[in-house]
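Novice: I would like the atomic coordinates for the input below:
(chains A and B)
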There are 2 protein chains.
Amino acid sequence: MSIESTNPGAGPETPQSSRTVVFVAYPQMGLLDLTGAQTVFWAATCRLAQLGLPGYALHTASLHGGPVRTGEGLVVQTRRLDELSNEPINTLIVPGSASIRQAMLDNAPLVDWLRVTAATARRTTSVCSGAFFLAQAGLLDGLRVATHWLMADMFERLFPKVELDREAIFVRQASVWTSAGVSAGIDLALALVEADNGRDVAMQVARRMVVYYRRPDNHEHWSPLLQSQYSIAPER
Amino acid sequence: MSIESTNPGAGPETPQSSRTVVFVAYPQMGLLDLTGAQTVFWAATCRLAQLGLPGYALHTASLHGGPVRTGEGLVVQTRRLDELSNEPINTLIVPGSASIRQAMLDNAPLVDWLRVTAATARRTTSVCSGAFFLAQAGLLDGLRVATHWLMADMFERLFPKVELDREAIFVRQASVWTSAGVSAGIDLALALVEADNGRDVAMQVARRMVVYYRRPDNHEHWSPLLQSQYSIAPER
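Specialist: Model prediction:
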């Protein structure tokens, strides 16, 4: 097969793409938290189009719409979240931020929007410290969740009603999925795609993205393989 | 350590960030090709700032500047490439595209810009099918290179003077580095960071990004681990 022959008709604009995925953008969000998961859903949509199946309609949206500056400096264009509130949302995805505490202070209305919208979305998910937003909205109370290992202590201090799993790459609790740091958003998205479309589609996406290994949900963050490459004592 | 305490001073705007990295943007470029490598250089800059060392100044630039729509649909803001032509470029990074042939037709002046600018840049690199742009500019003649496995046949047809290594995740040939599909751009960027700053910094970045395993340059694209998870006969 050739990507080119399938790409034009397989993008997010494909009318068949009936499952709406909303990426919740805000200033200082993590760039790869957003784009890793988004690329998985896009590649899945390409593959599903080849199979004659509906894919995903991808929307990146923020409170006010317009340009949003990521923590890494790249500026991305966004729609307004309230434009999307009226259509059924299949999956809400909240990226994290390296400055998550400040981001939550700067985007308090986003917490309210998440609390209201998550009640009707089929799935609510987070990448990296995006779990802080879900926890702040009260959506994680009593649930087991994952977040970036660097922010685990802060998370437990701020959200004592939430059970943090420090080993998990991603955790599913009913309709709420949370994932660990940055690249774990790719693993989370592959798991969501597999839950929707089966293992073959998810594995074909991983292969197209040249993902080395689709990690099981309980894989430790700092893998033995990476550890074995690490030549000095780790900071822990 | 806390990301938050280091993030504000460690971004691309840090005046110490003396090594200029230019991400060459164009319509229909691959989103993760751009953002995976950019996140690695950003995280390296954060880590280097902690060590009191200069990092990287990251610029995403296109022929005309302004908003550029990626193949996945997300629109990113860019500077004009000619604004950057006068400053010394440490590393040029050219993302790929799922519609690479059309992208080269639509961006012929980009090939000329690359031919001229690569002569003075310290390193010229590509992610995924970005190698097509470098080859079109004549920068890869006689070199061994990597690209996305899905486009290997097309690459060999179009560029018979270039030696394609179908097994490599990334290939270094003097100042020219090329990498395989999509996520391999993260491996490439980690290797560039290691070449500049040593193994410890690169491994700390990989750990912060929760990258499962930093692949050696000769790792096959479709890993035995992924293969072992793949339940049906692969399309090859």
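Novice: only C-alpha atoms for contact and neighbour calcs from this point on.
Specialist: Fine.
Novice: all strands for chain A, in order.
Specialist: A:19-24, A:56-62, A:66-69, A:75-80, A:91-94, A:123-126, A:144-145, A:163-164, A:170-173, A:176-179 (DSSP state E).
Novice: and B:Thr70, which of those strands is closest to it?
Specialist: Comparing those by their distance to B:Thr70 (CA to CA), the top pick is strand A:75-80, with 10.5 Å.
Novice: mind giving me the packing neighbours of that closest one?
Specialist: For strand A:75-80, the contact count by 3 or more CA pairs under 8 Å, 6 or more residues apart in numbering or on different chains; DSSP states H and E identifies strand A:56-62, strand A:66-69, strand B:75-80 as packing neighbours.
Novice: got the CA coordinates for stretch A:39-48 in PDB?
Specialist: Once side chains and other backbone atoms are set aside, the C-alpha atoms of stretch A:39-48 remain, and they are given as PDB (Å, rounded to 0.1, in the frame of the first residue of the first chain):
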ATOM      1  CA  THR A  39      -1.100  11.400  15.100                       C
ATOM      2  CA  VAL A  40      -2.300   8.000  16.300                       C
ATOM      3  CA  PHE A  41      -5.900   8.900  15.700                       C
ATOM      4  CA  TRP A  42      -5.100  10.400  12.300                       C
ATOM      5  CA  ALA A  43      -3.200   7.200  11.300                       C
ATOM      6  CA  ALA A  44      -6.000   5.100  12.500                       C
ATOM      7  CA  THR A  45      -8.400   7.100  10.400                       C
ATOM      8  CA  CYS A  46      -6.200   6.500   7.400                       C
ATOM      9  CA  ARG A  47      -6.200   2.800   8.000                       C
ATOM     10  CA  LEU A  48      -9.900   2.600   8.700                       C
END
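Novice: from chain B, how far out is A:Arg79?
Specialist: In this structure, A:Arg79 lies at 11 Å from chain B, with CA to the nearest CA, to the nearest Å as the measure.
Novice: should've said A:Pro88
Specialist: Here the criterion is CA to the nearest CA. By it, A:Pro88 lies 20 Å from chain B.
Novice: tell me how many other residues crowd that residue.
Specialist: Applying other CA atoms under 10 Å in any protein chain shown, we find 15 other residues in the vicinity of A:Pro88.
Novice: list the residues that contact it.
Specialist: A:Pro88 makes contacts with A:20, A:120-121, as judged by CA atoms under 8 Å, 6 or more residues apart in numbering or on different chains.
Novice: now with 7 Å, please.
Specialist: A:Ala121 (CA atoms under 7 Å, 6 or more residues apart in numbering or on different chains).
Novice: buried sites along stretch A:157-172?
Specialist: Burial within stretch A:157-172, assessed by neighbour count using 16 or more other CA atoms under 10 Å in any protein chain shown, is assigned to A:159, A:162-172.
Novice: helices of chain A, residue ranges please.
Specialist: Defined through DSSP state H, the helices belonging to chain A, from first to last, are A:3-10, A:31-50, A:81-84, A:100-106, A:108-118, A:130-136, A:152-158, A:184-197, A:199-208, A:224-229.
Novice: hang on, the earlier thing: just send the helices and strands packed on strand A:75-80 back as CSV, with distance to B:Val201, mean neighbour count and mean pLDDT too.
Specialist: Below are the helices and strands packed on strand A:75-80 laid out as CSV (distance: least, CA to CA, whole Å; neighbours: other CA atoms under 10 Å in any protein chain shown; pLDDT from 0 to 100):
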stretch, distance to B:Val201, mean neighbour count, mean pLDDT
strand A:56-62, 32, 24, 97
strand A:66-69, 26, 19, 98
strand B:75-80, 28, 20, 98
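Novice: could those strands be laid out in CSV, adding distance to A:Gly142?
Specialist: Supplementary listing: these in CSV, determined by distance: least, CA to CA, whole Å:
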stretch, distance to A:Gly142
strand A:56-62, 28
strand A:66-69, 33
strand B:75-80, 38
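Novice: which stretch among these comes nearest A:Trp177?
Specialist: Of those, nearest to A:Trp177 by CA to CA is strand A:56-62, at 17.9 Å.
Novice: give me the contacts around that closest one.
Specialist: Here strand A:56-62 has contacts from A:12-13, A:17-26, A:41, A:45, A:78-81, using CA under 7 Å, 6+ apart.
Novice: are any of those buried, and if so which?
Specialist: Buried residues within these, counting neighbours by 16+ other CA under 10 Å: A:12-13, A:17-18, A:20-26, A:41, A:45, A:78-81.
Novice: and of the helices and strands packed on strand A:75-80, who's closest to B:Met154?
Specialist: strand B:75-80 (27.7 Å).
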